[in-house]
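>>> pasted the sequence and its predicted model underneath.
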Amino acid sequence: MSASYARLAAEHASSPPFTPFVPRSALQPLAIILLVAAFILTFAFSTLGSTSTRRRTTSSGKSTAQQPTSTVGKELVLGGAASVAGGVGLVLAFCAIGANV
């Protein structure tokens, strides 16, 4: 046995055991809350009122279509929040059943 292995083995034996940041008993409720939030946010995202695109005429006379900024912002916020909530909720659900991912 080498000296470096013995030193690492001694350090391993003296180190405190791993404690997760989120207790295992909290994983299932957090997963349920986040997955329900993802469902609600996805529903809100899918029912956004469709606004017609605005036509803007440039100085050269060309007509360009622009989507209103508020609608794009809502889509980005709702879609991003639903995606994050669904992703984290799914990972927590897998961890709650013991399949640590």
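Done, it's in.
>>> where do the strands sit along this structure?
54-57, 63-66 (DSSP state E).
>>> would you map the helices across the protein?
With helices called from DSSP state H, the chain shows them at 3-14, 27-46, 69-96.
>>> mean confidence score for the first one?
Summarised as a single mean, pLDDT over helix 3-14 is 92.
>>> how much space between Asn100 and Leu90?
Going from Asn100 to Leu90 by C-beta to C-beta, to the nearest Å gives 13 Å. Bear in mind the C-beta positions are built from the backbone N, C-alpha and C, glycine included.
>>> so these two - more neighbours on which side?
Legend: neighbour count by other C-beta atoms under 10 Å for Asn100 and Leu90, higher for Leu90 (15 against 8).
>>> quick one: contacts for the more buried one?
Taking C-beta atoms under 8 Å, 6 or more residues apart in numbering, we find Leu90 in contact with 31, 35.
>>> any weak-confidence spans in the chain?
For the chain, residues meeting the criterion pLDDT under 70 lie at 49-59, 61-69, 101.
>>> grab the most central residue of it for me.
By C-alpha atoms, centre = their mean, the mean C-alpha position of the chain lies nearest to Val84, the distance being 1.7 Å.
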